[in-house]
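*Asks:* only geometry, no sequence info:
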């Protein structure tokens, strides 16, 4: 058996701005990770090195700009707190970008599935579930600070520079 998780946040920017922040390396480094590599197409790679040094490697299964991104991860054993992870299958994360009706806001949803329902995976499960709750609010804070509700930068230097 496996278990899943879901987190969401409403951000006062249109979907293209939220999509850009989720799929372009300079923006990813701003709110999510220390380093990122994105090959922007179906079958491409989505790799982030988190600030604590761990790496998340995924294959892009669905690439629908401004609407949907689906990532397939094959978790490394170092994500597992204790015990043998065994023959766990992939963990899948769907990221959806929906316009809130009657506004310029975007609801970003991260829905994960495939985490083994085994005590050895409890640490991994807790990290991704709570991590996304925190990170989506970092995404919101970052975007709303620099992007106007119409999607335009609030200042000319709003786009983050590559590190």
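*Replies:* The structure has been received and is ready for your questions. Being a predicted model, the structure only gives us computed values, none of them experimental.
*Asks:* Can you give me the neighbour number for the nearest residue to residue 61 once chain neighbours are set aside?
*Replies:* Nearest residue to residue 61 in three dimensions, chain neighbours excluded: residue 70, at 4.4 Å (Cβ to Cβ, 6 or more residues apart in numbering). Every residue, glycine included, has its C-beta placed from N, CA and C. Around residue 70 there are 18 other residues, counting by other Cβ atoms under 10 Å.
*Asks:* and the helix or strand residue 70 falls within, how far out from the chain's middle?
*Replies:* Residue 70 belongs to strand 68-73 when assigned by DSSP states H and E. The chain centre lies 9 Å from the centre of strand 68-73; the measure is Cα atoms, centre = their mean, to the nearest Å.
*Asks:* And it, what's buried?
*Replies:* 69-73 (16 or more other Cβ atoms under 10 Å).
*Asks:* next one: stretch 45-61
*Replies:* Residues 46, 48-49, 56-61 are the ones in stretch 45-61 that count as buried (16+ other Cβ under 10 Å).
*Asks:* JSON lines for the residues you listed, including distance to residue 1, secondary structure and pLDDT?
*Replies:* JSON lines is the format used below for these (distance: Cβ to Cβ, whole Å; DSSP: H, G, I helix; E, B strand; the rest coil; pLDDT from 0 to 100):
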{"residue": "46", "distance to residue 1": "27", "secondary structure": "strand", "pLDDT": "97"}
{"residue": "48", "distance to residue 1": "28", "secondary structure": "strand", "pLDDT": "94"}
{"residue": "49", "distance to residue 1": "31", "secondary structure": "strand", "pLDDT": "94"}
{"residue": "56", "distance to residue 1": "23", "secondary structure": "strand", "pLDDT": "90"}
{"residue": "57", "distance to residue 1": "25", "secondary structure": "strand", "pLDDT": "92"}
{"residue": "58", "distance to residue 1": "22", "secondary structure": "strand", "pLDDT": "95"}
{"residue": "59", "distance to residue 1": "24", "secondary structure": "strand", "pLDDT": "96"}
{"residue": "60", "distance to residue 1": "27", "secondary structure": "strand", "pLDDT": "98"}
{"residue": "61", "distance to residue 1": "22", "secondary structure": "strand", "pLDDT": "98"}
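*Asks:* Show me the contact partners of stretch 106-117.
*Replies:* 1-11, 13-15, 17-18, 22, 85-86, 88-100, 121, 124-125, 128-129, 132, 136, 139 (Cβ atoms under 8 Å, 6 or more residues apart in numbering).
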